[in-house]
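K.L.:
Mind looking at a prediction? Sequence and model below.
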Amino acid sequence: MGEFTMPSLGADMDEGTLVEWLVEPGAPIRRGDPVAVVETAKSTIEVECFESGTMGRPLVEPGTTVPVGTPLALIETAAGTRGKAGRARKLRKEPQGPPAPERTRPAEPAEPVRTREPVASEAPGHGHVEAGPLIRHLAEEGGVDLAALRGSGPGGRVTRADIERAAAAAPTARTPTARAPRARVTPLARRRAAELGVDLSSVAGTGKDAAIRAEDVSRAASGHAGAPSPPPRTTAAVRASRPSEDQAPAMRRAIARLMSRANRDVPHYYLSTTVDMAVPMDWLHDRNRRSPMSERLLPAALLLKAAALAAHEVPELNGFWTDDRFTAGEGVHLGVAVSLRGGGLIAPVLRGADTLEVPALMSALKDLVSRARTGRLRGSEVSGATLTVTNLGDQGVETVFGVVHPPQVALVGFGRVVDRPWAVDGLLGVRPVVTVTLSADHRATDGAVGARYLTAVDRLLQNPEKL
């Protein structure tokens, strides 16, 4: 039996609010599946489970704020399920698991129960079927009536194979009482639908495997004339649907705490350089002319890729300062600062940015920015950044010096690409240039290391076809 706990989604997070459960008790879950929506001071995040098993009993109700590390629900893992089943078999004096080789001999006369006809329940007439939560879920999805099924497992227990055989035996001739597969609905979505008078059969789900979520119900309700008023804005669910408005004060407080600590505890040094962008911009324009509109690249894609590759070359700036020492990051994971529409910012993570091709990086960037501004990020996408990049070029800013986001040790800033007088081989002309800055933690590195990094960024940008 494992525990699903309130995760830490950033160095500045010490508590979170459970907004919504995305799975119901008894549902099978795999490692990496989103199981809950959590609201932090900065955003609303889908949180994944880090082990496979079956969703167990919730320990925290939606709308509750708890500290990081608080158990939110129990997860019945495969190992825990086997142990639990083993203890139950021992109490019933049944063999544990499939018969071992030495148990293939005929049953002893002292156990006449083994010779009886297999049945579908331990207590006839009481409707109890020997089947776990996963089997019941599979039966519901496949439209199989468990009460009419004889299990082939130990003690008449229904197995996955029994369900699959029953579903395959009558794929088109199910009885009227057999339930057809139905859309998954989160518990909060069911409550919201009841409050708003929304028919769930008419709602299209946007969650995993088309699961209907609370925001899908709210969206459907907005199109119904005369629909009941939504719940009060003080509920966590409504705060999640409007993160940029309702979370702005909390976000500003969280940013203030983190930046105050960073300026107090991190001895910064700052460097900047100006990079000639004529070659990369010519390459970019040529490529975009030959590409469909949906595949065209922005200068930001080249800048981010150069920043990631330079971090790979200068790993002293790619990692964390913890316990009075530097620890290099495992991979280059860029945190990209994104401004939110209602104010504030969040830095979702482009994982393995140095290994992504530029078009893939561009696609991942657009996806992250879109979901960051609609509160649809996952927990794994807001933590673990090894280096943060801020790009204010689209805001018209030419130079930006950022504050290091501890425990990281560096932050890279890109300004707007602007035309400036520029001398090349002794000849003066007008060239597109960009100012690149570095804010770094002087405990981990010094200016010489920072200079190597900025030189690497410049060199990489002069060879855009190799990015």
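P.N.:
Structure's in. What do you need? Residues are numbered from 1 along each chain as shown.
K.L.:
Have a look at the chain and report its longest helix.
P.N.:
helix 248-265 (DSSP state H).
K.L.:
Does G447 touch Y269 like I think?
P.N.:
Yes. Counting by C-beta atoms under 8 Å, Y269 is a contact partner of G447 at 6.0 Å. For glycine as for every other residue, the C-beta is placed from the backbone atoms N, C-alpha and C.
K.L.:
what do the two both touch?
P.N.:
Listed as contacting both G447 and Y269 by C-beta atoms under 8 Å, 6 or more residues apart in numbering is no residue at all.
K.L.:
Could I get the average pLDDT for the longest helix of the chain?
P.N.:
Across helix 248-265, pLDDT averages out at 85.
K.L.:
what's the following helix or strand after it?
P.N.:
Toward the C-terminus, helix 248-265 is succeeded by strand 268-276 as the next helix or strand (DSSP states H and E).
K.L.:
Please report how far P406 lies from R264.
P.N.:
Between P406 and R264 the computed distance is 10 Å (C-beta to C-beta, to the nearest Å).
K.L.:
hang on, I meant L427
P.N.:
Distance check for L427 against R264: by C-beta to C-beta, it reads 49 Å.
K.L.:
For this structure, which element, helix or strand, carries the lowest mean pLDDT?
P.N.:
helix 236-241 (a mean of 40; mean pLDDT, DSSP states H and E).
K.L.:
Looking at P406 and R264, which is more packed in?
P.N.:
Comparing P406 with R264 by neighbour count (other C-beta atoms under 10 Å), the higher total belongs to P406, at 18 against 7.
K.L.:
what bits of the stretch 151-300 of the chain have low per-residue confidence?
P.N.:
Residue ranges of the stretch 151-300 of the chain with pLDDT under 70: 153-155, 157, 160, 170-183, 187, 208-209, 223-248.
K.L.:
please redo it, this time with the cut-off set to 90
P.N.:
The stretch 151-300 of the chain contains residues with pLDDT under 90 at 151-259, 294.
K.L.:
hey, where'd the helices end up in it?
P.N.:
160-169, 187-196, 214-221, 236-241, 243-246, 248-265, 278-289, 299-313 (DSSP state H, counting those that start in this stretch).
K.L.:
Which parts of this protein belong to which domain?
P.N.:
Split into domains by automatic domain parsing, the chain comes to 187-241, 248-466.
K.L.:
Spatially central residue in the protein, please.
P.N.:
R378 (2.3 Å; C-alpha atoms, centre = their mean).
K.L.:
What is the burial count for the closest residue in space to it that isn't next to it in sequence?
P.N.:
Using C-beta to C-beta, 6 or more residues apart in numbering and skipping residues adjacent in sequence, the residue nearest R378 is E46, 4.6 Å away. E46 has 24 neighbours, counted by other C-beta under 10 Å.
K.L.:
Wait, E46 touches G379, no?
P.N.:
Yes. Applying C-beta under 8 Å, one finds E46 in contact with G379, separated by 6.9 Å.
K.L.:
contacting residues around Q408?
P.N.:
G319, F320, W321, G335, A385, T386, L387, T388, D441.
K.L.:
Show the backbone phi and psi for the nearest residue to the fourth one once chain neighbours are set aside.
P.N.:
Same thing as G335. Distances taken as C-beta to C-beta, 6+ apart place A385 nearest to G335, at 3.1 Å, with adjacent residues excluded. Dihedral pair for A385: phi -70, psi 140, per degrees, to the nearest 10.
K.L.:
what's the burial count for A385?
P.N.:
24.
K.L.:
for A448, helix, strand, or coil?
P.N.:
helix (DSSP: H, G, I helix; E, B strand; the rest coil).
K.L.:
any idea how far it is from R459?
P.N.:
According to C-beta to C-beta, A448 stands 17 Å off from R459.
K.L.:
So if I had to pick from these two, which one is more boxed in?
P.N.:
Each of A448 and R459 has its neighbours counted (other C-beta under 10 Å); R459 has more, 14 against 7.
K.L.:
separation between that one and L365?
P.N.:
For R459 relative to L365 (C-beta to C-beta), the value is 23 Å.
K.L.:
list the contacts for A311?
P.N.:
A311 is in contact with L317, N318, V332, L334, D354, T386, L387, Y453, counting by C-beta under 8 Å, 6+ apart.
K.L.:
just checking, L74 touches P25?
P.N.:
No. Contact criterion C-beta under 8 Å: L74 and P25 do not qualify, at 9.0 Å.
K.L.:
what packs against the longest helix of the chain?
P.N.:
Using 3 or more C-beta pairs under 8 Å, 6 or more residues apart in numbering; DSSP states H and E as the contact test, no helix or strand touches helix 248-265.
K.L.:
any idea how far that helix is from the chain center?
P.N.:
Relative to its parent chain, helix 248-265 has a centroid offset of 24 Å by C-alpha atoms, centre = their mean, to the nearest Å.
K.L.:
burial of the closest residue to M259 other than its chain neighbours, as a residue count?
P.N.:
Take M259 and drop its neighbours on the chain: the residue closest to it by C-beta to C-beta, 6+ apart is V403, 5.4 Å away. Counted by other C-beta under 10 Å, the residues lying close to V403 total 17.
K.L.:
do the one 10 residues further on as well
P.N.:
If you count neighbours by other C-beta under 10 Å, G413 ends up with 24.
K.L.:
State the three-state secondary structure for it.
P.N.:
Classification of G413 by three-state DSSP places it in strand.
K.L.:
Who does it form a beta bridge with?
P.N.:
The partner list for G413 in beta bridges (DSSP bridges) reads T390, T437.
K.L.:
My guess is it contacts V434. True?
P.N.:
No. G413 is beyond contact range of V434, at 10.3 Å (criterion: C-beta under 8 Å).
K.L.:
ok, and the closest non-adjacent residue to V38?
P.N.:
G16 (4.6 Å).
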